[in-house]
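Enquirer: Have a look; sequence and predicted model below, questions after that.
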Amino acid sequence: MAAFEFAKKISNKFVRGNYICGIVDPPDLKQCLLDHSIETCCSFSVRDSGSRSEETKVFYKIKGEEIDHGVPFVHGDFIRLDCRKGPLYYKLKSSTDEEVVRFRAQTTLKCDCPATILIHELKIFPQEKITEPMGVRRKKSARASSSAKIMASKNSDGSYNLPWESIFFVELPLHDAHENHSLSPDVAGFSQRVNYDVKMEFKEMEAMGVKDMDILRALIAKATKNICSKGVQPPPNSRAFDPPDKDIYNILQAAKKARESGNDEDKLTETLNTYCLRDPENKYIYRPANRATGVKFLFMSQEKWQKDLLEIYGDVILIDSTFNTTDKRNQYLFLVVVRTRLDYQVVAQFLVENQDSATISEALNILKTWNPFLKPKFVVSDYAEAIHNAAKECFDDPQILLCSFHREKAWTDWMRTHDHGFSDDEQQNILTLLRQAANASSTEETKCHLEAITRTGPWQRSQQLRHWLRSRWLYSAKIWALSYRRKAPPFLNSNNGVESLNAGVKGTLKKAGTGRKSFSKLVTLFHGKFLEKKKRKHREESIRMTSAYRKYAADIPEWLHNRPPRFVRRMMRTLEVASEYPQHKVLCISSRDFCVQSQNGEGHYSVQFPSRTQPLDETETCDCPFSVKNRFPCKHLLAVCAGYGIRLQPLRIMKSLHERDYCPHVLNRHRGPNRGKMMRLYDTAAITFAQTLTVVIHPEVYQHFELEEFADKLAFC
């Protein structure tokens, strides 16, 4: 008995035959039964239970033994557990039965083992304990008086007015109590059921999305150390704590089925309530469809951090849709995306059943209600006329732009369709003219290339080609030709960043496993995993590039501090080239205009510094192809700054939502007409010129000098 760890949790213990009996406190009962099951390699199942609370007798002994030297008690509930190899209490199906599932050579685990576990609840009354030594008659009289007092305090609901406590009397079988089956760890350990706590651990891991068997087993092995008592470890092949893969799979499938069953709307309501309690500033709209009244389905949401990003980067929004995210094929998930200086971020999302202009307009109007500051200048999407019409209707005359990737794909797919009947040379000729029109540097060149298409043979011969070009491309060049988007950010040539977000949503759903793709499951995974992951990554990257996190190298100029690493590396290479630029090729024309000759001497470029009265959005710093295309400070601009001693100063405005939240001492929020917008400014107080200048430039001209160093959100492709 002393060799068993479970026996240490039993007080007043004694042995009766092949059973160990005694008192166990309520907090120790579960652990005592678990240790007994591990040490004896036996599992038990409930066979009978009941209550003896209706009895009107007070006891002082149980099984012939006193409880704590004369403390009176009454019986409460009891439970009996049989060994899993115990008697057969159900009827086995025979081959003559009408419904036979399948043939089994081994029909049952039952082996008529007589071992049982008995647990009795005892309600003891410590204050009625007889402590004084007395004779038999006097003790009998005192016990009768205490018993009468106890029964008189009993209420109709089974409770007592006298102070009482609950303890458990247990009878636990030893090895000799078992019969007709093996108790070796190899056989008996495999015959056990999966432990209840282990099952709960598996269900929690399934809810968190853990599917890999190796990871599950590693986590369960760690959890087993906390489940078992110190000094009690299950045998290596114990099915209770190291179940086979089939048992784990069945547990996970049962957990998933239970989690996905039930009313989907109730689950969605509970999920949204949880998100709203987490942050009351989060916005959610859920409107179920009602076919009788004509109400269409709509779900739309926007979290507080998404709203903040939209306020900062809302000049340009990208809209795209994806499908097959739920069980219903006619539901489409739309993502409203902005390009931050680090990555693409979803700033709003809505799920609808139609892709028509009216449905999209309703969602965009709700987005405007949530964000009164939203006035985008550019809206980018694929060739979806519904999105284009909705954006024009909801916003104040935004410029609609078509993604270059989708434009090229539409051209190539249509021209290469065999039924249209174009040869390879004709296809290449038309595609070349279209691409030249798309990449032309001026609108006149674009129109010239489009007119050239109307003089080709395929145009004269094919009515299909004429209809296709007229209806979709010739009269809508403003949305796809680069010559019409000179003021647009360079990254708007493609919305592949949005496509990667769509793929990320699909990947999140795929990692959650197969099964029913309910609407509540989509909302939970999208908000709980996808958006949280994007938010955390953006915050970490924003903090990582600040000087508050890690000091910058001494050779990095201050105006490049707190910038994305890709931009810093590129500017450092440009600065290195600019420092070696021949200064005789840099000519100062006026106080704001400079002329820089190319290094090979074949061209000249104009570098212009805007005055304060000029709108920042109307002036370009350099007309070289690199600056026009990429909107980066080019080597010509930096050569002027190096040659004339113009020193660029650190930023004075906040560039990131998360820098404001976590590094408020790094940058201050820009206050002014462009509040919430991102731009770089030259600090005018430190602009100095070399003493050897032959052209006299008055310092007062630069007293309030501001130079467009391009918006952060426009500078990073």
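Expert: Right, received. Where do you want to start? Numbers count the residues shown, from 1 in each chain.
Enquirer: Can you get me a residue count around residue 361?
Expert: Look at residue 361: counted by other CB atoms under 10 Å, it has 18 neighbours. Where you see a C-beta, it was placed from the backbone N, CA and C, and this is true even at glycine.
Enquirer: The closest residue to it other than its chain neighbours and residue 214: what is the separation?
Expert: Using CB to CB, 6 or more residues apart in numbering and skipping the chain neighbours, the partner closest in space to residue 361 is residue 390 (4.3 Å). Per CB to CB, to the nearest Å, residue 390 is found 49 Å from residue 214.
Enquirer: So which of those two has more stuff around it?
Expert: For the pair residue 390 and residue 214, the greater number of neighbours falls to residue 390 (24 against 7), based on other CB under 10 Å.
Enquirer: Assign a three-state SS to the more buried one, would you?
Expert: The three-state label given to residue 390 by DSSP: H, G, I helix; E, B strand; the rest coil is helix.
Enquirer: Can you tell me the element the residue sitting furthest away from the middle of the chain falls in?
Expert: Distance from the centre of the chain peaks at residue 137, with 75.8 Å (CA atoms, centre = their mean). Under the criterion of DSSP states H and E, residue 137 resides in helix 136-152.
Enquirer: Residue 117 contacts residue 46, correct?
Expert: No: shown here, residue 117 and residue 46 do not form a contact pair, counting by CB atoms under 8 Å, at 9.6 Å.
Enquirer: Pull up the overlap in contacts between these two.
Expert: Counting by CB atoms under 8 Å, 6 or more residues apart in numbering, the shared contacts of residue 117 and residue 46 are 80, 81.
Enquirer: of those two, who's got more company?
Expert: More crowded of residue 117 and residue 46, by other CB under 10 Å: residue 117, with 22 against 10.
Enquirer: partner strands of the strand or helix carrying that one, parallel or antiparallel?
Expert: If you go by DSSP H and E, residue 117 is part of strand 116-124. Note on strand 116-124: by DSSP bridges, its sheet partners are strand 73-83 (antiparallel), strand 165-173 (antiparallel).
Enquirer: As CSV, those strands with distance to residue 623, mean neighbour count and mean pLDDT would be great.
Expert: Output for the strands paired with strand 116-124, formatted as CSV (distance: least, CB to CB, whole Å; neighbours: other CB atoms under 10 Å; pLDDT from 0 to 100):
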stretch, distance to residue 623, mean neighbour count, mean pLDDT
strand 73-83, 88, 19, 89
strand 165-173, 89, 20, 91
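Enquirer: what's the closest of those to residue 269?
Expert: With CB to CB, the closest approach to residue 269 among the strands paired with strand 116-124 belongs to strand 73-83: 38.0 Å.
Enquirer: and the closest one with helix 136-152, angle?
Expert: Angle, strand 73-83 to helix 136-152, by axes from the mean of the first three to the mean of the last three CA atoms, to 10 degrees: 80 degrees.
Enquirer: Using PDB, write out every CA atom in strand 73-83.
Expert: Extracted C-alpha coordinates of strand 73-83, given in PDB (Å, rounded to 0.1, in the frame of the first residue of the first chain):
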ATOM      1  CA  PHE A  73     -22.300  11.800   9.400                       C
ATOM      2  CA  VAL A  74     -25.100  11.200   7.000                       C
ATOM      3  CA  HIS A  75     -24.900   9.600   3.500                       C
ATOM      4  CA  GLY A  76     -25.200  11.800   0.400                       C
ATOM      5  CA  ASP A  77     -24.700  10.700  -3.200                       C
ATOM      6  CA  PHE A  78     -22.800   7.600  -4.200                       C
ATOM      7  CA  ILE A  79     -21.300   6.300  -7.500                       C
ATOM      8  CA  ARG A  80     -20.100   2.900  -8.600                       C
ATOM      9  CA  LEU A  81     -17.600   2.300 -11.300                       C
ATOM     10  CA  ASP A  82     -16.900  -1.000 -12.900                       C
ATOM     11  CA  CYS A  83     -13.700  -2.200 -14.500                       C
END
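Enquirer: Other residues contacting that strand?
Expert: Residues outside strand 73-83 that contact it (CB under 8 Å, 6+ apart): 42-53, 55, 57-60, 62, 67, 113-125, 150, 166, 173, 178.
Enquirer: Out of these, which end up buried?
Expert: 42-44, 58-60, 67, 113, 115-125, 150, 173, 178 (16 or more other CB atoms under 10 Å).
Enquirer: What's the local residue count around residue 460?
Expert: Residues lying near residue 460 (other CB under 10 Å) number 10.
Enquirer: what about the chain, any weak spots by pLDDT?
Expert: Where the chain drops to pLDDT under 70, the residues are 1-3, 64, 66-69, 91-103, 260-265, 327-329, 490-495, 513-517, 610-620, 646-717.
Enquirer: separation between the most centrally placed residue in it and residue 535?
Expert: Among the residues of the chain, the one closest to the centroid is residue 529, at 1.4 Å (CA atoms, centre = their mean). According to CB to CB, residue 529 stands 11 Å off from residue 535.
Enquirer: just residue 542 next, same as before
Expert: Using CB to CB, residue 542 is found at 11 Å from residue 535.
Enquirer: Tell me which of those two has more neighbours.
Expert: Neighbour tally, residue 542 and residue 535, criterion other CB under 10 Å: the higher count belongs to residue 542, 24 against 18.
Enquirer: Let me know the helix or strand that that one is in.
Expert: With DSSP H and E as the criterion, residue 542 is inside helix 532-544.
Enquirer: which ones are touching residue 245?
Expert: Residue 245 is in contact with residue 213, counting by CB under 8 Å, 6+ apart.
Enquirer: Check residue 234 too.
Expert: When contacts are counted by CB under 8 Å, 6+ apart, residue 234 touches 38, 189, 224, 228, 240, 241, 242.
Enquirer: and it, backbone torsions?
Expert: Reported as degrees, to the nearest 10, the phi and psi values for residue 234 are phi -70, psi 160.
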